[in-house]
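*Asks:* output the structure for:
(2 chains)
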Amino acid sequence: MKILYKDGTVAECPQEEELQVLRHSTAHVMAQAIKRLYPHADFAFGPATEKGFFYDVDLGDTKLTDEDLQKIEAEMKKIVKENLPIKAFILPRPEAIKLMEERGEKYKVEHIGDLADDAEISFYQQGEYIDMCTGPHVTYTKALKAFKITQQSGAYWKNDKNNKMLTRINGVAFRSQQELEEFEKLQEEAERRDHRRIGKEMKLFMFSDEGPGFPFFLPNGMIVKNELMSYWREIHSRNGYVEVSSPIIMNRHLWETSGHWAHYKDNMYTTTIDDEICCVKPMNCPGSVLIYKNQPHSYRELPLRIAEMGLVHRHELKGALHGLFRVRCFTQDDAHIYLTREQITDEIVRIVGLINEVYTKFGFDYFVELSTRPEDSMGSDEDWEAATNGLKNALEKLGLDYIINEGDGAFYGPKIDFHLRDSIGRTWQCGTIQLDFQMPQNFGLEYVDENGEKKCPIMIHRVCFGSIERFIGILTENFAGRYPVWLAPTQVKILTLPNSDTTFAKEVYAKLVDAHVRAVLDDRNETIGYKIREARQIDRVPYMLIIGAKEIETRSLSVRELATDQTTACGVDEFVAKVASEIKNRK
RNA sequence: GCUGCUAUGGCUCAGUCGGUAGAGCACGUCCUUGGUAAGGACGAGGUCACCAGUUCAAGUCUGGUUAGCAGCUCCA
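*Replies:* From the prediction side, this is the model:
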């Protein structure tokens, strides 16, 4: 693919930039189409995005309907068909301003004002349309072969909510029609796996107008939640953690000390108790700190690992709510570790090992991001350096690749974030490990060192799942509801053939229940096809046992496995032992 | 919170030009002797999210509220 740089040179496009250029050019073509249909349109920014492009445009009072978007797309296709050559030119500043003013592009004029004084201002033109842009772009509009407008939304000029809201028109663009179709298939697949849909089908959880954003767990969802929590308890007790539980409501004073009141009071739920303002906890750390302070500590106890499955409430904006992914109350699988500066590296190694174990358990691949000191941070340079190095050393010791995210740490310390990749390639941020020097000081935490002197410990905040609710959402989409046996709400479903004797089926059922298998007996008088369809597609049960005259006679089982769709014969005791062992080993 | 859209039985949806509601699935009853992705008949189930307004008449038109959807912003 040939591309045109702003100085007018034409060159072969580097492979890795092709899509980006294509998408950027598509944004221009869309702008041209919009301008043809809406001559008063005034354009702001129109970049390429991860899957396509958008253009932010001021349409005055004009509102676009879905039909209007289709018309714009049709006009874009027309422009592509016209196969307009794309040209580039550069103007000195005053002439650039004049050109944009003449064309009524007030956002572009404002943008010129933000550019350096000596900046050369480049333009790209195709037919009657001129856009101020640094390029590069394709050389002819016909190079754009596969695109689609997907939606419109609002977006602020320069992303600042004090500015005017513009209309953002989003689209996707690919190299070929085939790539576009693949993208659409993936979209459909994502929709099919949507945990909100599956949650309804499998009766995992619900929401209600009476508490928007606050999830209700139904019996099936509660099974998944409890299984995750019991797994979590097991590995934490094995890794030297103790578990506590702190109150949901504590007074305002605590949150002032922790710094949350100053930073986040608009997102905290409050209530008044005996004339005192109290807060519903948005985080567990201050509670943990109070537990630490409840008694004196020796250096011999450190690192002290205090874990808590804490239910936190945060007032998220209603537009941000999204199934279990973004809720107003959730359970953090939190832990706070109190330790000395020297212990940082070893402890981080230990935590990363734990998190790795958890993600591997679910078959997730992941990558790690290290976020360093932000601009408005608290604490000394020395502390920050020690902390950041502690994290780096640990990652290197583990031989983990990581991306550095400069300046994206919390104001109280650097952090490591874990992003996991699901079965269709999407990534989710789950685990995080944050170092904190601030809170131990704010609360005056102490331990006695080997010389009998009082010292202030360092604190690590960390989660593995992140939020149990969110993690259940991710697991549900990753497995498309077909959970591993140990998590499945119903593990075995016994399906009898209609009008057959159910005595044997009931015996098998009793044996499974005895072995602590979550079994269901479906002895309704329905055809076997009907029962199988329900067990597979709605309940997503890992094992289906079909029992009819044949099985009754041989006293054996016909086992249909959800994962493979294969049916095999198996003895009763053998099957019960196999499933029980899978559950025990959390397979 | 902002922009656009949506709200009709448990679920998924239809309902034309305003003339007081339909389907499929699920559910209940009955029939069906039926072997691996929906057997059949009948029945019950809805003050059309809520509050106002326009109208002889509102599921349908208008305004507001609430909730949801796609984005934006935000996510300690």
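
*Asks:* the residue in the stretch 251-400 of chain A positioned nearest to RNA strand B and A:Arg326, how far apart?
*Replies:* Of all residues in the stretch 251-400 of chain A, A:Gly319 sits closest to RNA strand B, at 2.0 Å by CB to the nearest atom of the strand. No exception for glycine: its C-beta is placed from N, CA and C like everyone else's. A:Gly319 is 10 Å from A:Arg326, where distance means CB to CB, to the nearest Å.

*Asks:* neighbour count winner among these two?
*Replies:* Set side by side, A:Gly319 and A:Arg326 show more neighbours around A:Arg326, with 18 against 7, by other CB atoms under 10 Å.

*Asks:* show me which positions of stretch A:127-147 end up buried.
*Replies:* For stretch A:127-147, a neighbour-count test (16 or more other CB atoms under 10 Å) marks A:129-133, A:135-141, A:143-147 as buried.

*Asks:* and the stretch 301-450 of chain A, which of its residues are near RNA strand B?
*Replies:* Selection of the stretch 301-450 of chain A residues close to RNA strand B by CB under 7 Å from any atom of the strand yields A:314, A:316-323, A:326, A:410, A:434.

*Asks:* among the residues you listed, which are in helices?
*Replies:* If you go by DSSP state H, those have nothing in helices.

*Asks:* so which of those residues wins on neighbours?
*Replies:* Ranked by neighbours (other CB under 10 Å), those are led by A:Gln434, which has 21 neighbours.

*Asks:* surely A:Val29 and A:Leu144 touch.
*Replies:* Yes - if you go by CB atoms under 8 Å, A:Val29 and A:Leu144 touch, sitting 6.1 Å apart.

*Asks:* RNA strand B contacts on the stretch 451-587 of chain A?
*Replies:* A:497-500, A:525-530, A:532-533, A:536-537, A:544, A:546-551, A:558, A:560, A:565, A:567.

*Asks:* make a ChimeraX selection of whichever of these turn out to be buried.
*Replies:* Entered in ChimeraX, the line below selects the buried ones among these, by 16+ other CB under 10 Å:
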select /A:497,500,528,532,536,544,546,547,548,551,558,560
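
*Asks:* ok, the residue of the stretch 251-400 of chain A closest to RNA strand B to A:Val448 distance?
*Replies:* From A:Gly319 to A:Val448 the distance is 50 Å (CB to CB).

*Asks:* show me what contacts the most centrally placed residue in chain A?
*Replies:* Central residue of chain A (CA atoms, centre = their mean): A:Trp428, 3.5 Å from the mean position. Counting by CB atoms under 8 Å, 6 or more residues apart in numbering, A:Trp428 makes contact with A:419-420, A:422, A:470, A:474.

*Asks:* so among those, where is pLDDT lowest?
*Replies:* Sorting the contacts of A:Trp428 by pLDDT puts A:Asp422 at the bottom of the list (82).

*Asks:* gap between that residue and A:Ile474?
*Replies:* Computed as CB to CB, the A:Asp422 to A:Ile474 distance reads 6 Å.

*Asks:* among these two, which residue is more densely surrounded?
*Replies:* A:Ile474 (23 against 19).

*Asks:* surely that one touches A:Ser423?
*Replies:* No - taking contacts as CB under 8 Å, A:Ile474 lies outside contact range of A:Ser423: 10.4 Å.

*Asks:* any chance you could map the strands in the stretch 51-200 of chain A?
*Replies:* A:52-58, A:86-91, A:121-126, A:129-132, A:137-138, A:146-156, A:165-174 (DSSP state E, counting those that start in this stretch).

*Asks:* point out the most buried one among those strands.
*Replies:* Most buried of the strands of the stretch 51-200 of chain A, by mean neighbour count (mean count of other CB atoms under 10 Å): strand A:137-138, with a mean of 26.
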